[in-house]
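Trainee: I would like to see how this sequence folds:
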Amino acid sequence: MTPHDDDDMTQVDRLLKAARDGEPDLPSGLMARVLADADAIQSQPARPPMPARPLWARLSEALGGWQGMGGLVAATCAGVWIGFSPPASVPDAGALILGYEAGVEESSTAELTSFGWDLDEG
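Mentor: Numbering: from 1, shown residues only. Here you go, the predicted structure:
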């Protein structure tokens, strides 16, 4: 800190002290009007509390309204569907947990002959 900065700080400190110690310059009657307004507001009764909203309404609002709830329902349905009927590339979670080995079913000839693929080979 240079000496010049120190002089500026002491001058600022003196100005702040003068502002704290002095009375504010207010127009006549302003403080009386402010205090009268404060007394009028304090004498008014408080508003009654808002009635409690049902849990379902609060939960729906927290999840984004009907749009958010609709998205959650769609995701839940997709998850249940994939859980009951998983694609072939997804391993069976129950078999993995219980230690069963999933047997791969070999394709039958009915699948090959139904489209005439057996005739292509000659």
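
Trainee: rest of the way, CA atoms for contacts and neighbours
Mentor: Fine.

Trainee: roughly how far is the host helix or strand of T76 from the heart of the chain?
Mentor: If you go by DSSP states H and E, T76 is part of helix 65-84. With Cα atoms, centre = their mean, to the nearest Å as the basis, helix 65-84 stands 18 Å off its chain's centre.

Trainee: begin at 33 from here
Mentor: Shifting the count to begin at 33 puts that one at helix 97-116.

Trainee: so for that helix, what gets flagged as buried?
Mentor: M101 (16 or more other Cα atoms under 10 Å).

Trainee: mind listing residues that contact that helix?
Mentor: 92, 95 (Cα atoms under 8 Å, 6 or more residues apart in numbering).

Trainee: what mean pLDDT would you report for that helix?
Mentor: In this model, helix 97-116 carries a mean pLDDT of 92.

Trainee: got the CA positions of it in CSV?
Mentor: Extracted in CSV, the C-alpha atoms of helix 97-116 (Å, rounded to 0.1, in the frame of the first residue of the first chain):
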residue,chain,number,x,y,z
GLY,A,97,-47.8,-30.6,-13.7
TRP,A,98,-49.7,-32.9,-16.0
GLN,A,99,-46.9,-32.8,-18.6
GLY,A,100,-44.3,-34.1,-16.2
MET,A,101,-46.7,-36.7,-14.8
GLY,A,102,-47.5,-37.9,-18.3
GLY,A,103,-43.8,-38.3,-19.0
LEU,A,104,-43.3,-40.3,-15.9
VAL,A,105,-46.3,-42.6,-16.7
ALA,A,106,-45.0,-43.2,-20.2
ALA,A,107,-41.5,-44.0,-18.9
THR,A,108,-43.0,-46.4,-16.3
CYS,A,109,-45.1,-48.2,-18.9
ALA,A,110,-42.0,-48.6,-21.1
GLY,A,111,-40.0,-49.9,-18.2
VAL,A,112,-42.6,-52.4,-17.2
TRP,A,113,-43.0,-53.6,-20.8
ILE,A,114,-39.2,-54.0,-21.3
GLY,A,115,-39.0,-55.7,-17.9
PHE,A,116,-41.6,-58.3,-18.8
